[in-house]
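Asker: dropping a prediction and its sequence here:
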Amino acid sequence: MPEIFDSSKADKKPAHQHPHPLEATPEDLDVVAATDGEPLKKRLTTEIRKTKNVDDYSSVMRQMKPSHNPFAAFAAKPFNVAFDAQHKDEQVLLLLRQSLITQIKYVVIAIGLAFVPVLFNSVGMLSFLPLNFQFIANVGWYLMVMSYVLEVFLSWFYNVYIITDERIIDVDFHSLLFKNVAYAKIDNIEDITATTSGALGSIFDYGSVRIQTAGAVSEFDFVDVPHPSKVVSFLNELLIEEEQEFHDRRAN
């Protein structure tokens, strides 16, 4: 019988087979180090670390479902989110914007501006103009109001704070032509504080998170973000995980 159909040989496994990173145990890594050398052991250890899910070490993220809402102010494990200069294996874990409560004042302003032509027409302030000019004036006014609303929305939507498994990123969007992006590694974080001020901040649970780092940018301010205490807790968990990975690398 041909050897290809020999069941006694089909059950035999090679003397040495590299374990899958997700299935590898410390004993497996020791075998790899003994047979193939230390560099491969380190590579497998790195792959295990990269495939580790954030829910494995973060109690905050375990309570959160992945966010599919592109307009969320607090988006945990956001779906289909990327940014400039993102590393190949870098994962976006949390995306923050200013709380929607802070945008109410702009909505009120926009509604007030929309009623200005109605007020002017009711008192006849533009009655001295021909009807065509009155129509053009009203259209021009509403175009300016729409421009204001669009500018406010873009400023809220693109001014974001991003936390990945490697870095924190602060994106300051000033206009369509200018934005400023600041980065800091997680292991450069030195101090994290959360501040909630005012009745609205206490009722709707939003506030500011200040992060001091040892990097080129010494301070990051996440302004008026939802659930500041959760953000601080999550960053502390990331710091603990970074320290654990550092000790693991030194041990290996």
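Answerer: Received the coordinates, thanks.

Asker: from here on, contacts and neighbour counts on C-alpha atoms
Answerer: Will do.

Asker: Provide the secondary structure category for His174.
Answerer: strand (DSSP: H, G, I helix; E, B strand; the rest coil).

Asker: need the contact list for the closest residue to it other than its chain neighbours.
Answerer: Leaving aside its sequence neighbours, His174 sits nearest to Ser155 (C-alpha to C-alpha, 6 or more residues apart in numbering; 6.8 Å). Residues near Ser155 by C-alpha atoms under 8 Å, 6 or more residues apart in numbering: 173-175.

Asker: can you give me the buried ones in stretch 106-120?
Answerer: Across stretch 106-120, burial judged by 16 or more other C-alpha atoms under 10 Å covers 110, 113-114, 117.

Asker: about what we covered before: most neighbours, which of the contacts of Ser155?
Answerer: Counting neighbours by other C-alpha atoms under 10 Å, Phe173 leads the contacts of Ser155 with 18 neighbours.

Asker: surely it is in contact with Tyr158?
Answerer: Yes: the criterion here is C-alpha atoms under 8 Å, and Phe173 meets it with Tyr158 at 5.8 Å.

Asker: and the helices in the stretch 51-200 of the chain?
Answerer: 59-62, 104-114, 116-123, 131-158, 198-204 (DSSP state H, counting those that start in this stretch).

Asker: please state the offset of whatever helix or strand Leu239 lives in from the chain centre?
Answerer: Following DSSP states H and E, one finds Leu239 within helix 228-251. On the basis of C-alpha atoms, centre = their mean, to the nearest Å, helix 228-251 sits 16 Å off its chain's mean C-alpha point.

Asker: before we move on, what about stretch 185-192?
Answerer: 16 Å.

Asker: show me where pLDDT drops low in this protein?
Answerer: 1-51, 252 (pLDDT under 70).

Asker: okay, now the domains of it?
Answerer: For the chain, the domain assignment from automatic domain parsing gives the residue ranges 1-51, 54-98+159-251, 103-149.

Asker: any idea which of those domains is most buried?
Answerer: domain 54-98+159-251 (a mean of 16; mean count of other C-alpha atoms under 10 Å).

Asker: all set, thanks.
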